[in-house]
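Trainee: Quick one, fold the following:
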Amino acid sequence: MQQQHADAPASPARFGVPDWIRAYQSGWLKPDVVAGLIAAAVVIPKALAYATIAGLPVQVGLYTVFVPMVIYALLGTSRPLSVSTTTTLAILTGSALAAVTSGDGAASIVTACATLTLLSGAVLVLAGLLRLGFVANFISEPVLVGFKAGIGIVIVLDQLPKLLGIHFAKGSFLQNLLHIVQGIPETSLATLAVGATTVAVLVAMEHFTPRAPAPLIAVAGSIAAMKLLGLDRYGVEAVGTVPTGLPAVTLPDVHLLAQLWPAALGIALMSFTETIAAGRAFAQTGEPVPQPNRELLATGLATAGGALLGAMPAGGGTTQTAVNRLAGARTQLAELVTAAAALLTALLLAPFIGLMPHATLAAVVIVYSVGLIKPAEFRAIIRVRRTEFVWALVAAAGVVLLGTLQGIVAAIVVSLVALAYQMSDPPVHVLGRKPGTNVFRPRSPEHPEDEVFPGLLILRPEGRVYFANAQQVGRKAQAFVDEARPKVVVLDMGGVFDLEYTALKMLIEAEKRLSDSGTALWLTRLNPGVLEMVQRSPLGQTLGRERMILNTEQAVARFVK
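Mentor: Below is the predicted model:
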């Protein structure tokens with residue numbers, strides 16, 4: 001039933017009273033409220049830090065926790081998913097805004113952010129209406145691992161100057177790295193001490209008290225130190241004035257649409273990829289399965305709604321969703337509680353946020369961005385397949401050397417090239433029979449006892465055989481034929497789910513060459529679609545029923561006779 005519901009067409013008309021509200025149980029109220037408050041203690045400080053990654057005023061982080069969370073909680077299908085923003089979305093947003101604002105002032109960058117966020121939301125909504133939820137699958141896991149690692153490296157380097165208290169004009173990755181090295185002698189020791197202390201607190205609490213709201217404690221401690229110790233006298237820079245109250249309505253600038261739509265496509269893709277991954281990862285047995293097309297609509301409307309009220313592009317975050325789930329969240333009410341906490345913070349605590357040192361925000365960003373760089377995943381990839389490890393490295397290098405927006409394009413291109421490469425070189429196995437059974441399996445050194453039959457060569461191609469790989473499949477099969485010089489070649493077609501016309505023509509030509517050299521071609525285990533296609537071709541007339549056999553065991557029995 002869940003699967004049927006998941007595959008149903010996504011439509012705005014289906015948005016009514018949320019299922020979780022209709023099915024709400026009184027026993028869920030306390031764990032939802034507690035989880036929402038605990039998640040807020042983690043999400044709010046991180047959202048403030050992510051706003052600075054994007055080059056936006058810190059209060060934008062609060063607005064992103066508030067508006068998108070409320071909208072998603074009412075429309076989304078994942079119960080534990082916590083929707084605000086992520087490190088990946090923040091760095092993509094910052095790159096896009098930097099390209100169109102160039103230091104034109106706070107008002108200009110906020111307007112550009114509203115335009116970008118609205119565009120990103122519109123892309124997600126349109127993708128949901130067109131049922132494009134499958135698109136996220138076009139970024140392979142190794143490429144995604146590399147892409148996120150590249151993002152992590154870029155973010156850490158971007159935040160190091162704030163941690164050191166040095167200033168320089170931003171450039172490319174290599175230029176920034178050189179400036180940091182050259183600026184080390186000018187490091188503000190007081191600023192470095194604040195940042196290092198924050199890092200130490202976060203790391204220690206994550207290790208020894210993982211359930212405690214480490215970002216909240218670190219931020220609160222730094223604000224208290226700034227106020228009580230007068231750290232500004234020692235050169236420690238603070239965030240500065242943060243407006244109190246509700247966000248003002250910000251209208252997009254239509255003149256920026258043409259410049260920002262490519263970035264909006266990349267942000268939308270990453271938003272959906274991270275959202276659906278987090279939603280699936282933390283779904284429990286008995287809960288609704290996240291529905292990709294409905295998630296596109298919900299996340300898109302959440303992002304577009306936040307655009308007009310000062311938010312940046314939104315999406316589900318893995319870390320904050322994990323906190324929400326581990327804290328006991330049962331439904332989306334926990335997300336509404338987190339949003340309410342963000343609203344109260346904007347109304348009451350903004351003056352205190354203004355006292356926060358920039359070094360503290362930088363430390364929070366660095367600690368949680370380092371988690372994007374996962375050497376263990378790179379090691380796991382290389383143990384399985386070296387080629388895919390290279391794809392991961394290429395994706396990481398694309399982000400670091402080309403830039404984040406260009407990097408996401410590189411990541412998609414690498415994924416598609418990888419897919420094309422895999423599809424263009426399908427395996428062709430030589431089969432042997434497991435002794436005493438009717439099981440045919442690829443011959444290997446691990447099974448030297450498998451039975452073979454002199455004069456008979458059994459080959460099994462796998463996958464879809466079509467114009468891009470037909471010649472390669474033919475070359476592999478011909479190499480085995482040239483080596484074995486059999487009287488009969490049996491093609492076990494059980495692994496071929498589709499045979500395109502070019503491949504069929506190649507098979508017709510191969511049968512003629514084999515026949516001219518005195519070798520017969522038999523086909524076995526054709527699925528209905530492939531069988532019908534062969535029967536309607538000249539190959540079917542040539543082979544007849546005698547050489548299109550139900551299964552490979554029958555072919556062996558006929559040959560042995």
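Trainee: All the strands of the protein, residue numbers only.
Mentor: Using DSSP state E, the strands of the chain run over 83-84, 315-316, 428-433, 440-442, 456-461, 488-492, 520-524, 548-549.
Trainee: Which residue lies nearest the spatial centre of the protein?
Mentor: Geometric centre of the chain, nearest residue: Thr273, 3.9 Å, by CA atoms, centre = their mean.
Trainee: That one and Phe147, how far apart?
Mentor: Distance of Thr273 to Phe147, given as CB to CB, to the nearest Å: 10 Å. (Each C-beta comes from the backbone N, C-alpha and C, glycine too.)
Trainee: which residue ranges form the helices in the stretch 351-500 of the chain?
Mentor: 358-370, 375-384, 386-397, 404-424, 470-484 (DSSP state H, counting those that start in this stretch).
Trainee: for the stretch 201-350 of the chain, same thing?
Mentor: Using DSSP H, counting those that start in this stretch, helices in the stretch 201-350 of the chain cover 214-229, 257-281, 292-307, 318-326, 333-344, 350-353.
Trainee: winner for burial among those helices?
Mentor: helix 292-307 (a mean of 27; mean count of other CB atoms under 10 Å).
Trainee: Low-confidence ranges, the stretch 401-550 of the chain, go.
Mentor: Applying pLDDT under 70 to the stretch 401-550 of the chain flags the ranges 404-405, 408.
Trainee: is it possible to export the helices of the stretch 351-500 of the chain to CSV including mean neighbour count and distance to Val490?
Mentor: Listed next are the helices of the stretch 351-500 of the chain as CSV, based on neighbours: other CB atoms under 10 Å; distance: least, CB to CB, whole Å:
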stretch, mean neighbour count, distance to Val490
helix 358-370, 26, 55
helix 375-384, 13, 31
helix 386-397, 20, 31
helix 404-424, 18, 25
helix 470-484, 16, 11
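Trainee: Turn the ones you listed into JSON lines, columns for distance to Val203.
Mentor: Converted to JSON lines, the helices of the stretch 351-500 of the chain look like this (distance: least, CB to CB, whole Å):
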{"stretch": "helix 358-370", "distance to Val203": "7"}
{"stretch": "helix 375-384", "distance to Val203": "17"}
{"stretch": "helix 386-397", "distance to Val203": "24"}
{"stretch": "helix 404-424", "distance to Val203": "26"}
{"stretch": "helix 470-484", "distance to Val203": "51"}
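Trainee: mind checking which of those helices is nearest Ala510?
Mentor: Evaluated over those, closeness to Ala510 peaks at helix 470-484, with 6.0 Å, by CB to CB.
Trainee: Can you tell me which helices and strands that closest one packs against?
Mentor: Applying 3 or more CB pairs under 8 Å, 6 or more residues apart in numbering; DSSP states H and E, we find helix 470-484 packed against strand 428-433, strand 456-461, strand 488-492, helix 501-516.
Trainee: Would you mind getting the angle between the shortest one and helix 470-484?
Mentor: Orientation note: strand 488-492 sits at an angle of 140 degrees relative to helix 470-484 (axes from the mean of the first three to the mean of the last three CA atoms, to 10 degrees).
Trainee: ok, now which ones touch Gly235?
Mentor: Shown in contact with Gly235 (CB atoms under 8 Å, 6 or more residues apart in numbering): 165, 188, 190-191.
Trainee: shaky segments in the protein?
Mentor: If you take pLDDT under 70 as the line, the chain has these spans: 1-16, 102-106, 136-139, 281, 404-405, 408.
Trainee: tell me the contacts of the nearest residue to Asn527 once chain neighbours are set aside?
Mentor: Setting aside the residues directly before and after it, Asn527 is nearest to Phe497 in space (CB to CB, 6 or more residues apart in numbering), at 6.4 Å. Residues near Phe497 by CB under 8 Å, 6+ apart: 463-464, 527, 529-530.
Trainee: do the same with Ala298
Mentor: So Ala298 contacts 71-72, 75-77 (CB under 8 Å, 6+ apart).
Trainee: I'd like to know which of those are part of helices.
Mentor: 71-72, 75 (DSSP state H).
Trainee: quick one: which of these is nearest Gly403?
Mentor: Taking CB to CB as the measure, Gly403 sits nearest to Tyr72 out of those, at 29.2 Å.
Trainee: so that closest one makes contact with Ser84?
Mentor: No. Under the criterion of CB atoms under 8 Å, Tyr72 lies out of contact with Ser84, with a separation of 9.3 Å.
Trainee: so Gln259 touches Ala99, yeah?
Mentor: Yes. In this structure Gln259 lies within contact range of Ala99 using CB under 8 Å: 7.4 Å.
Trainee: what's stretch 538-545 in contact with?
Mentor: For stretch 538-545, using CB under 8 Å, 6+ apart, the contacting residues are 504, 507-508, 511, 521-523, 534, 548.
Trainee: what distance separates that stretch from the centre of its chain?
Mentor: Averaging C-alpha positions (CA atoms, centre = their mean, to the nearest Å) puts stretch 538-545 48 Å from its chain's average.
Trainee: Next: stretch 236-253.
Mentor: 30 Å.
Trainee: most packed of the strands of the chain?
Mentor: strand 83-84 (a mean of 34).
Trainee: For that one, what is the distance to the chain centroid?
Mentor: Relative to its chain's centre, strand 83-84 lies at 15 Å (CA atoms, centre = their mean).
Trainee: counting contacts, what elements does that strand pack onto?
Mentor: If you count contacts as 3+ CB pairs under 8 Å, 6+ apart, strand 83-84 packs onto helix 59-75.
Trainee: Quick check on the residue nearest to Asn527: phi, psi?
Mentor: Note on Phe497: backbone dihedrals following degrees, to the nearest 10 are phi -90, psi -10.
Trainee: Same check on Lys170?
Mentor: According to degrees, to the nearest 10, the main-chain angles of Lys170 amount to phi -70, psi 140.
Trainee: What count of nearby residues applies to it?
Mentor: 11 (other CB atoms under 10 Å).
Trainee: May I see the strands of the chain organised as TSV, with distance to Ala224 added?
Mentor: Shown next, in TSV, are the strands of the chain (distance: least, CB to CB, whole Å):
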stretch	distance to Ala224
strand 83-84	25
strand 315-316	32
strand 428-433	68
strand 440-442	67
strand 456-461	69
strand 488-492	73
strand 520-524	77
strand 548-549	81
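Trainee: quick one, which of these is nearest to Ala470?
Mentor: strand 456-461 (10.0 Å).
Trainee: That closest one vs strand 488-492, what angle?
Mentor: Going by the same axes, to 10 degrees, strand 456-461 makes 30 degrees with strand 488-492.
Trainee: Show me what strand 456-461 is packed against.
Mentor: Using 3+ CB pairs under 8 Å, 6+ apart: strand 456-461 touches strand 428-433, strand 440-442, helix 470-484, strand 488-492, helix 552-560.
Trainee: Can you say which of those is nearest to Cys113?
Mentor: helix 470-484 (48.6 Å).
Trainee: From Ala49, how far off is Val42?
Mentor: 11 Å.
Trainee: Let me know how buried Gly328 is, in neighbour terms.
Mentor: When neighbours are counted by other CB under 10 Å, Gly328 registers 17.
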